[in-house]
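**Q** Have a look; sequence and predicted model below, questions after that.
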Amino acid sequence: MTSVDTLHINQERLWQSHMELAKIGGTPKGGVCRLALTELDRQGRDLFVAWAKEAGCEIRGDAIGNIFARRPGLDNNLPPVMTGSHLDTQPTGGKFDGIYGVMAGLEVLRTLNDHGVQTRAPLEVVVWTNEEGSRFVPVMMGSGV
């Protein structure tokens, strides 16, 4: 069993994943335009789902389109420990708004997998739908549901 004191995030993997996702909807000045529920948003969400599946997560969605990537725990009857954010952007958004919360959560799951760490409770990374509210009101629709 690996001690949590020896766990370290793979910064290069986190950065590379982040930069790959930031290409989807990338703008000439280095920002991102990935509006909620557009084709670009779907591409970004599909890429996250693929990465989460590679990390051994079970994927589920809800009626509003939120995505929940679950890493099983030793006792899956416990409520999950959750983290996450959103992948949609403002029309002139930056590379780090929202996406960082999702990518950091995914990297935690990857790191635990790398070191064979099992958690008691399941862990989930959530991708909220329409958090920015650039296309649809109310804002923060996914997390509000």
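**A** Noted; the coordinates are in hand. Bear in mind that the values here come from a model prediction, so they are computed numbers and not experimental data.
**Q** what about the spatially most central residue of the chain, distance to A22?
**A** Nearest residue to the geometric centre of the chain (CA atoms, centre = their mean): V102, 2.8 Å. In this view, V102 and A22 are 12 Å apart by CB to CB, to the nearest Å. (C-beta placed from N, C-alpha, C; glycine too.)
**Q** Next: S85.
**A** Counting by CB to CB - S85 and A22 are separated by 14 Å.
**Q** And the helix or strand bottoming out on mean pLDDT in the chain, what's buried?
**A** Using mean pLDDT, DSSP states H and E, the weakest-scoring helix or strand in the chain turns out to be helix 141-144, at a mean of 74. Using 16 or more other CB atoms under 10 Å as the test for burial, helix 141-144 gives M141, G142, S143.
**Q** ranges for the strands of the chain?
**A** 58-61, 67-71, 81-86, 123-128 (DSSP state E).
**Q** Give me the packing partners of the shortest one, helices and strands only.
**A** The reference is to strand 58-61. helix 39-54, strand 67-71 (3 or more CB pairs under 8 Å, 6 or more residues apart in numbering; DSSP states H and E).
**Q** same thing but 6 Å
**A** strand 67-71 (3 or more CB pairs under 6 Å, 6 or more residues apart in numbering; DSSP states H and E).
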